[in-house]
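Novice: Quick one: sequence and predicted model below, then my questions.
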Amino acid sequence: MHHDIENLRRFYYQQALGRVVQRILRDRLTGRWRPDGCTGMNVAGFGFAAPMLRPYLARARRVTALMPGPQGGMAWPSGQPNHSVLCDETAWPIETGSIDRLVLLHALETSDHPAALLDEAWRALGPGGRMMVMVPNRAGLWAASDRTPFGLGRSYTAGQLEGQMLKAGFAPEWHGSAVYIPPSARRFWLRSAQMWERTGTKISRVLIAGVVLMEVSKQVRGQIGPGLRVQVPGPLDILDGVRLPGRNRPVVKGRLIGRSLDMTEKDE
């Protein structure tokens, strides 16, 4: 089951509760990724991450809001040149390794193929790139309520989310929680939302948040295996002085070795 773009737009831009949630999540994101620290970077979001991306428009090299086809798309940001694009969740119109910062909001929990979605995120991120994932907390009230976008799709615990990130090859760097108020539009909760956020971050084991946050990075290891050739001189080569590799130097499993070390040598 997927979100509908009209419901998301109405919640985040027209409803008081949605505007409060937008401010809370955006503050947590910019607390980790300061806009001035992303100057010259390529920033993107998938799902309905547009409300999180606006602070980066002025400083980032490029900002792209990727919106999944079943959800639908909208022009964004309002009154400015469009930065949004409608795409398949496993085939983004993004060059491989071109994204420095990526946000997933209302994406993973409703994906038809979450593993393939994370594979596509891995492809789009550059080496050392970072991704912030925001999903409903399984233990929270928001996942149990269908009056907000967080009540649709799968919900996660922090441990389940971390396990999925590790399986996809990402390295967890930080995790946290947000949205400690209940999914209620009453004025008391809306006015006291910031106070509850400050309190919740200090006593998160007592208060149950509605959203689980996790920042992960793409760590690329150096190439190993048959693809690399390493020259290993044999004992006779050491006695005679190491020579430059020649045409008849043997190759075993992709490595150049001395003749005296291999009985199955073959010409390169």
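Specialist: Here it is on my side, so go on.
Novice: so which helix or strand takes in the residue nearest to Leu86 when sequence neighbours are not counted?
Specialist: Of all residues not flanking Leu86 in the chain, Gly73 sits nearest, at 3.8 Å (Cβ to Cβ, 6 or more residues apart in numbering). For glycine as for every other residue, the C-beta is placed from the backbone atoms N, C-alpha and C. Using DSSP states H and E, no element contains Gly73; it sits outside every helix and strand.
Novice: Give the buried residues for stretch 92-99.
Specialist: Neighbour counts over stretch 92-99 (16 or more other Cβ atoms under 10 Å) mark 92, 94, 99 as buried.
Novice: among those residues, which are in helices?
Specialist: Judged by DSSP state H, the buried residues of stretch 92-99 include no members of helices.
Novice: a markdown table for these, including pLDDT?
Specialist: Listed next are these as a markdown table, based on pLDDT from 0 to 100:
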| residue | pLDDT |
| --- | --- |
| Trp92 | 97 |
| Ile94 | 95 |
| Ile99 | 98 |
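Novice: In strands, which of these appear?
Specialist: Members of these lying in strands (criterion: DSSP state E): Ile99.
Novice: show me the contacts for the residue nearest to Leu86.
Specialist: Applying Cβ atoms under 8 Å, 6 or more residues apart in numbering to Gly73 gives the contacts 5, 67, 84-86.
Novice: can you give me phi and psi for it?
Specialist: With angles defined as degrees, to the nearest 10, Gly73 sits at phi -130, psi 170.
Novice: Report pLDDT for it.
Specialist: The model reports Gly73 with a pLDDT of 93.
Novice: Give me the distance from stretch 2-14 to the chain's centre.
Specialist: Offset of stretch 2-14 from its chain centre (Cα atoms, centre = their mean, to the nearest Å): 22 Å.
Novice: in the stretch 101-250 of the chain, which ranges drop under the pLDDT threshold?
Specialist: 202-207, 221-250 (pLDDT under 70).
Novice: picking up where we left off before, mind checking which of the contacts of Gly73 are in helices?
Specialist: Using DSSP H, these in helices are Ile5.
Novice: Does the residue nearest to the spatial centre of the chain belong to a helix, a strand or coil?
Specialist: Nearest residue to the geometric centre of the chain (Cα atoms, centre = their mean): Met131, 2.7 Å. With DSSP: H, G, I helix; E, B strand; the rest coil as the basis, Met131 sits in strand.
Novice: And for Val85, the neighbour number?
Specialist: Residues near Val85, counting by other Cβ atoms under 10 Å, number 15.
Novice: Report the separation between Val85 and Gly169.
Specialist: 25 Å (Cβ to Cβ, to the nearest Å).
Novice: Adding distance to Ala193, write the buried residues of stretch 92-99 out as a markdown table.
Specialist: Below are these laid out as a markdown table (distance: Cβ to Cβ, whole Å):
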| residue | distance to Ala193 |
| --- | --- |
| Trp92 | 33 |
| Ile94 | 34 |
| Ile99 | 31 |
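Novice: dump the residue contacts of Arg138.
Specialist: Contacts here follow Cβ under 8 Å, 6+ apart; on that basis Arg138 touches 155-157, 160.
Novice: ok, back up a step: any idea which of the buried residues of stretch 92-99 is the one closest to Pro114?
Specialist: Trp92 (15.1 Å; Cβ to Cβ).
Novice: Pretty sure Leu190 sits against Leu17.
Specialist: Yes - taking contacts as Cβ atoms under 8 Å, Leu190 lies within contact range of Leu17: 6.7 Å.
Novice: more neighbours, these two?
Specialist: Neighbour count, other Cβ under 10 Å: between Leu190 and Leu17, Leu17 has more, with 20 against 14.
Novice: Tell me the buried residues in the helix or strand harbouring that one?
Specialist: Per DSSP H and E: Leu17 is located in helix 16-32. The neighbour-count check on helix 16-32 (16+ other Cβ under 10 Å) flags 17-18, 20-22, 24-25, 28-30 as buried.
Novice: what's the closest of the residues you listed to Glu215?
Specialist: Leu29 (9.3 Å).
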